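[1] Model the following, please.
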Amino acid sequence: MMKLLREERAIVALASIVSMSLALGCGGTGSAPQVEKTASAMHLEQLADEVWQRRVADSPALRMLDGLPVERLPDISYAKAEQDVEFARSILARLAQVDYAELSHNEVLTAEVVKWELGMQVEGHKYWWHFSILAPYFSPLREVNQIYTTFAFDEPDDLERYLDLLRHYAAFIESLHAVARGQLERGIVTPRPNMQAVVGIVRSIVQIPEEGPEEPPVESFLVVSDARLARVADALSQRPAEPTGSAEPPVTGTETPATGAAGEGEAAVPETPLGRFQAQVREVIEGEITTAIESFLQFLETDYWRAAPQQVGVWQYPDGKGFYRYLTRLHTTMEVEPEDVFQLGLELIDVIHTRMVDIRSSVGFDGSLEDFHEILRTDPRFFPTTPEEVGRRLKSAADAMYARTDTLFLRGPEAAYGVRRLDPALEAALTYGYYDAPTAIEPVGYYNYNGAKLDERSWLNLESVAYHELIPGHHFHFAFQLENEELNDLRNHSLHGAYTEGWGVYASNLGLEAGLFEDPYSLYGHYILESFLAARLVVDPGMNYFEWPLERARQFMHSYTVESATQIDSETLRYSTDLPGQGLAYQMGRRKLDQLRQKAENALGERFDVRRFHDAVLSAGSLPMAVLEQHIDWFIRQEMAGS
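    As a prediction, the model looks like this:
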């Protein structure tokens, strides 16, 4: 159940990076010459490959993103988790036999990544039942549902492959049901404030909403549209007709199914391959899947709902505070305690709001912070009028930053980037949106933005969001990591919260360094977002460790951000009922990157080149922050030696 943060959005390797004389290799300046591997290096390579092969066999997301066929749904049972943790222990025992003195720098980083990741997996196993499986962000439903919505229909054989996966969906729902029941028995239940969203997500799997005045009825995402079957229809049309002894035209799969062959009161049997396929899909959905969903919903809306606590936060679960201390280290990838994070959050908010005072003065406003923020919350000029405007603003900002990246980076990634609107069915449960990295099927990295309730979504922070999510934030990170052929498969796909989100926040601040944020209100919006992320350092431990009620956290967020009540409501539920601790990764990771940059600047003086520093950070791929510090220390030594 425990998995790497955002594993479902890890990207696949695209084309290899064009060699550049100034570019750092995965460990430093230029590619190292090929040398014969030592015994320890070969042993480590075998261990890392075993870890990777197990992950890619178990994870549909990794298989989809690597263009591999998905042949089964994930096993989310406790028995499988027991097997996984025993495997992790065996790898760690064998890793202890590796002599680091025989490893290259890049190999040491691999060893440290394996050690950290599997060590945290083993440590966290005692909290397996504590992880949410139902709430919107962390639920495995999101990953599994993507199997069906992104399934590629290229050949006629793909029809049976899809049906085979579809026939396993009911069993997957039953396994979710079993885990939820096991959590209920252990006193671990999604808090009541998020239960409506939980039930809504499960219900939407097969629900066909009533037709509204302007919207057509929406079918289950498991149903396959005719457009997705176009290539199969073309392939079927190319098949030679089988002799039938009649002058009737061949069946190609593109004709309208016959409707008059059935007897009175009987459903017509489609006569084309695609017609039969669509009928079988609906039969599975309306039969075993609907039965499993209805049983699960009945449980959620009765026994589970009655047990759902009104209070939020993991502190209320058995050893809940111990769980949160673990989550703090898991998501920050640092040895820090909730108390430390909480205090840092308060201090950071003070720094940010001092800068915001200066901007308010620069636009001629001399009233209170509350009055200014009320203007920003209500003045129509600060709100987009259409979802398309949101997309245009995001793309324009990303393009402007991309045009200036040569002053901050030695190179850019090969993968293209873009923006698109979220699935409207998800918008109510997500405050902003999320980045989808390039895949073998979709070789473009997209930021999926929230286009709902535009009267509550100011455009003020969209410029900063574009730098965080796209250029030079998540898109640069993910593309560089997976385009780097010097990293093994495990390192290509490993993600760590503080590195991933810390780089995003750090990247948004590079907009200042690049001379962007020309509009003072957009600059203010940047600091609003900074304050928003800093507030997470306070309210996340507040609700999960210090036993804050939900309303206290929401009031704190209201005081230090300009988010709408709707956005604050969904964010605080995310921290306290869905992904506790994950919100710490952003500013804690950014803070560590700032410290490492300052360390390199102090050590190198005039020899410091920010482009080479950024290449050092990105070319090693995602690392736990303590391991990243080891890597930057090595980078500093290499730079000082002039290599």
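[2] contacts and neighbour counts: CA atoms only from here.
    Fine.
[3] Let's see whichever strand or helix holds Gln196 as PDB, backbone CA atoms only.
    Gln196 is located in helix 195-203, with elements delineated by DSSP states H and E. Only the C-alpha atoms of helix 195-203 are listed here, as PDB (Å, rounded to 0.1, in the frame of the first residue of the first chain):
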ATOM      1  CA  MET A 195     -16.900  11.100   3.400                       C
ATOM      2  CA  GLN A 196     -19.100  12.800   0.800                       C
ATOM      3  CA  ALA A 197     -16.200  13.000  -1.600                       C
ATOM      4  CA  VAL A 198     -15.200   9.400  -0.900                       C
ATOM      5  CA  VAL A 199     -18.700   8.100  -1.700                       C
ATOM      6  CA  GLY A 200     -19.000  10.300  -4.700                       C
ATOM      7  CA  ILE A 201     -15.800   8.900  -6.300                       C
ATOM      8  CA  VAL A 202     -16.900   5.300  -5.800                       C
ATOM      9  CA  ARG A 203     -20.400   6.100  -7.100                       C
END
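[4] tell me how far the next helix or strand after that helix is from the chain's mean position?
    For helix 195-203, the succeeding helix or strand toward the C-terminus, using DSSP H and E, is helix 230-237. Chain-centre distance of helix 230-237: 34 Å, with Cα atoms, centre = their mean, to the nearest Å.
[5] list the helices and strands the helix or strand that helix 230-237 is followed by packs on?
    For helix 230-237, the following helix or strand on the C-terminal side (DSSP H and E) is helix 273-284. On a contact count with 3 or more Cα pairs under 8 Å, 6 or more residues apart in numbering; DSSP states H and E, helix 273-284 meets helix 157-167.
[6] give me that answer again for 10 Å
    Helix 273-284 is packed against helix 157-167, helix 230-237, helix 290-299, with contacts defined by 3 or more Cα pairs under 10 Å, 6 or more residues apart in numbering; DSSP states H and E.
[7] Let me see the contact set for Tyr432.
    Contact partners of Tyr432, counting by Cα atoms under 10 Å, 6 or more residues apart in numbering, are 422, 448-452, 457, 465, 567, 570-571.
[8] repeat that with 8 Å
    Taking Cα atoms under 8 Å, 6 or more residues apart in numbering, we find Tyr432 in contact with 449-450.
[9] go on, Glu370?
    Shown in contact with Glu370 (Cα under 8 Å, 6+ apart): Ser559.
[10] List the buried residues of the helix or strand harbouring it.
    Element membership for Glu370, per DSSP H and E: helix 369-378. For helix 369-378, the neighbour count (16 or more other Cα atoms under 10 Å) marks 369, 373, 376-377 as buried.
[11] mind putting those residues in TSV, distance to Arg393 and pLDDT included?
    Formatted as TSV, those follow (distance: Cα to Cα, whole Å; pLDDT from 0 to 100):
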residue	distance to Arg393	pLDDT
Leu369	26	91
His373	22	92
Leu376	18	93
Arg377	19	90
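[12] now these as TSV including distance to Thr333?
    Shown next, in TSV, are these (distance: Cα to Cα, whole Å):
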residue	distance to Thr333
Leu369	35
His373	34
Leu376	36
Arg377	35
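[13] of all the residues you listed, which comes closest to Pro273?
    Distances from Pro273 to the buried residues of helix 369-378, taken as Cα to Cα, are shortest for Arg377 (54.9 Å).
[14] Wait, the closest one touches Ala565, no?
    No - Arg377 lies out of contact with Ala565 (Cα atoms under 8 Å); the separation is 10.3 Å.
[15] buried stuff in the one helix or strand in the chain whose mean pLDDT sits lowest?
    Within the chain, confidence by mean pLDDT, DSSP states H and E is lowest for helix 424-427 among all helices and strands, at a mean of 80. In terms of neighbour count (16+ other Cα under 10 Å), helix 424-427 has its buried residues at Glu427.
[16] Repeat that for stretch 291-300.
    Judged by neighbour count (16+ other Cα under 10 Å), stretch 291-300 contains these buried residues: 292-293, 296-297, 300.
[17] same deal with stretch 595-612?
    Buried residues in stretch 595-612 (16+ other Cα under 10 Å): 596-597, 600-601, 603, 608, 610-612.
[18] Now the two most distant members of these.
    The span of the buried residues of stretch 595-612, defined through Cα to Cα, is set by Ala603 and Arg611 at 16.0 Å.
[19] looking at this, Arg420 is in a strand?
    Yes - assigned with DSSP: H, G, I helix; E, B strand; the rest coil, Arg420 falls within a strand.
[20] Assign the closest residue to it other than its chain neighbours to one of the three secondary structure states.
    The shortest distance from Arg420 to any residue other than its chain neighbours is 5.0 Å, reached at Asn448 (Cα to Cα, 6 or more residues apart in numbering). What three-state DSSP gives for Asn448 is strand.
[21] For Gly445, give me phi and psi.
    The phi and psi torsions at Gly445 (degrees, to the nearest 10) take the values phi -90, psi 120.
[22] any idea how far it is from Val351?
    Going from Gly445 to Val351 by Cα to Cα, to the nearest Å gives 33 Å.
[23] Would you format the helices and strands packed on helix 273-284 as JSON lines with distance to Val70 and mean pLDDT included?
    Supplementary listing: these in JSON lines, determined by distance: least, Cα to Cα, whole Å; pLDDT from 0 to 100:
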{"stretch": "helix 157-167", "distance to Val70": "8", "mean pLDDT": "95"}
{"stretch": "helix 230-237", "distance to Val70": "18", "mean pLDDT": "90"}
{"stretch": "helix 290-299", "distance to Val70": "22", "mean pLDDT": "96"}
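[24] what would the ones you listed look like in CSV with distance to Asp75?
    As requested, the helices and strands packed on helix 273-284 are exported to CSV (distance: least, Cα to Cα, whole Å):
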stretch, distance to Asp75
helix 157-167, 14
helix 230-237, 30
helix 290-299, 17
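[25] Now Met543: closest residue in space, sequence neighbours ignored.
    Using Cα to Cα, 6+ apart and skipping residues adjacent in sequence, the residue nearest Met543 is Gly313, 5.2 Å away.
[26] what about the one you found, neighbour count?
    Residues lying near Gly313 (other Cα atoms under 10 Å) number 29.
[27] Give me the pLDDT value at it.
    In this prediction, Gly313 carries a pLDDT score of 98.
[28] which residues touch it?
    Contacts for Gly313 were tallied using Cα under 8 Å, 6+ apart; they are 543-545, 547, 576-577, 580.
[29] which of these lies closest to Glu117?
    Nearest to Glu117 among the contacts of Gly313 is Pro580, at 18.7 Å by Cα to Cα.
[30] Which of the helices or strands spans that closest one?
    Using DSSP H and E, Pro580 maps to neither a helix nor a strand.
[31] Which pLDDT value belongs to it?
    We note a pLDDT of 97 for Pro580 in this prediction.
[32] Now do the same contact list for it.
    Pro580 neighbours (Cα under 8 Å, 6+ apart): 313-314, 324, 327, 540, 544, 574.
[33] Let's have those in JSON lines, adding distance to Ala397 and secondary structure.
    Converted to JSON lines, the contacts of Pro580 look like this (distance: Cα to Cα, whole Å; DSSP: H, G, I helix; E, B strand; the rest coil):
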{"residue": "Gly313", "distance to Ala397": "37", "secondary structure": "coil"}
{"residue": "Val314", "distance to Ala397": "38", "secondary structure": "helix"}
{"residue": "Tyr324", "distance to Ala397": "37", "secondary structure": "helix"}
{"residue": "Leu327", "distance to Ala397": "34", "secondary structure": "helix"}
{"residue": "Asp540", "distance to Ala397": "30", "secondary structure": "helix"}
{"residue": "Asn544", "distance to Ala397": "36", "secondary structure": "helix"}
{"residue": "Arg574", "distance to Ala397": "27", "secondary structure": "helix"}
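[34] Minimum pLDDT in these, which residue is that?
    Lowest pLDDT among these: Arg574, 92.
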